[in-house]
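Q: I need the structure of the sequence given here:
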Amino acid sequence: MKTGVVIHGCNLHIENWRHVAWGDSPDRPGRIPQGILVALRFDAEVIVMGTGASEAPFHFGESDDEAPIAEAEYARRYLSEFFDELRQFRVINEELKRSGPESFPAWRESLLEKIVLDVRSRNTLEEIENASAIFLERGIGQIVLVSSPSHVVRCLRDAAGLYAREPHFAHLQCNLLATPSVTCYEGSTPDDVVVVEPPHRPDRHVLPTHRRIQRMLDLQQMAGGELVNLIEDFDELLQHYEHLMFQRGKSRGP
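A: Below you'll find the model as predicted:
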């Protein structure tokens, strides 16, 4: 079965983009090296590099171009510029020794030719939809999504939702994989991700908490000052009920 890899875009203005997108050798590959590792292991036919909503000039190597470029193009140029450093990542070097090509330069050119840039998408869902359309055209039957540990869960959710809604993508649902890189957004860990599932256990409440949380997240579109007020009000409400729960716990005793 032909495999396609999606390397999700990374906002170019986040703190320490290189750490998140490229990683830290030898044992902490970011999104781009992890995507290349997956492509190598699955002998991928196509690698789609996605784009979010950011652009920036590329200032690495000999480039002096001041024109801003999209995330996908930026990542592709970064990979091309630092391709030889992929071997500094232990897992990639071991994979190359085990099953990689005899000629590293030839493999480099072959792999770079497999990359397709998606510069139209503006969010995670659009990245997956645009990549899936490319895969559909090329007869790809298996998809691997690659992103940071603090983002890949949402990538998988968005893909599952898309494939359930769109009949022409339905066959991809059964061959959908996701793998995290090692590096997260600066200052975060995989444990910081909060997953709010719809209620489903009969021994717990059946209140649709997830819908309330989604409504709150939707309000992040508000102006900064209003959003701060929302968070402060919400925090006060949480403290009130945390205090009640604490008091009840104390009243029960050991």
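Q: Does Phe135 touch Ala44 like I think?
A: No. Applying C-beta atoms under 8 Å, one finds Phe135 not in contact with Ala44, separated by 10.4 Å. For every residue, glycine as well, the C-beta is placed using N, CA and C.
Q: what touches both of these two?
A: Common contact partners of Phe135 and Ala44 (C-beta atoms under 8 Å, 6 or more residues apart in numbering): Gly4.
Q: So Gly4 lies in a strand, does it not?
A: Yes. Applying DSSP: H, G, I helix; E, B strand; the rest coil, one finds Gly4 inside a strand.
Q: just the strands in the stretch 101-250 of the chain please.
A: Along the stretch 101-250 of the chain, counting by DSSP state E, counting those that start in this stretch, strands occupy 115-117, 142-147, 176-180.
Q: name the helices or strands packed onto the second one?
A: If I follow you right, that is strand 142-147. In terms of contacts (3 or more C-beta pairs under 8 Å, 6 or more residues apart in numbering; DSSP states H and E), strand 142-147 is packed against strand 3-7, helix 31-42, helix 124-137, helix 152-165, strand 176-180.
Q: For it, the averaged confidence score.
A: Strand 142-147 comes out with an average pLDDT of 98.
Q: And it, what's buried?
A: Using 16 or more other C-beta atoms under 10 Å as the test for burial, strand 142-147 gives 142-147.
Q: With respect to Ser25, which of those is nearest?
A: Using C-beta to C-beta, Val146 comes nearest to Ser25 of the buried residues of strand 142-147, at 17.5 Å.
Q: separation between that closest one and Met216?
A: For Val146, the distance to Met216 equals 29 Å [C-beta to C-beta, to the nearest Å].
Q: cool, and Asp27?
A: 37 Å.
Q: swap in Gly225?
A: For Gly225, the distance to Met216 - C-beta to C-beta - is 17 Å.
Q: if you count what's nearby, which of these two comes out ahead?
A: Neighbour count, other C-beta atoms under 10 Å: between Gly225 and Met216, Met216 has more, with 12 against 8.
Q: number of nearby residues for the nearest residue to the more buried one once chain neighbours are set aside?
A: Spatial nearest neighbour of Met216, excluding adjacent residues (C-beta to C-beta, 6 or more residues apart in numbering): Phe234 at 7.1 Å. Counted by other C-beta under 10 Å, the residues lying close to Phe234 total 12.
Q: How much space separates Phe234 from Leu177?
A: Going from Phe234 to Leu177 by C-beta to C-beta gives 36 Å.
Q: now do Met49
A: As judged by C-beta to C-beta, Met49 and Leu177 stand 18 Å apart.
Q: Which residue of those two possesses the greater neighbour count?
A: Remark: of Met49 and Leu177, Met49 carries more neighbours, 27 against 15, as counted by other C-beta under 10 Å.
Q: show me what contacts the more buried one?
A: Met49 neighbours (C-beta under 8 Å, 6+ apart): 7, 9, 71-72, 75-76, 115-118.
Q: one more time with 7 Å
A: Neighbour list for Met49: 7, 72, 75-76, 115, 117-118 [criterion: C-beta atoms under 7 Å, 6 or more residues apart in numbering].
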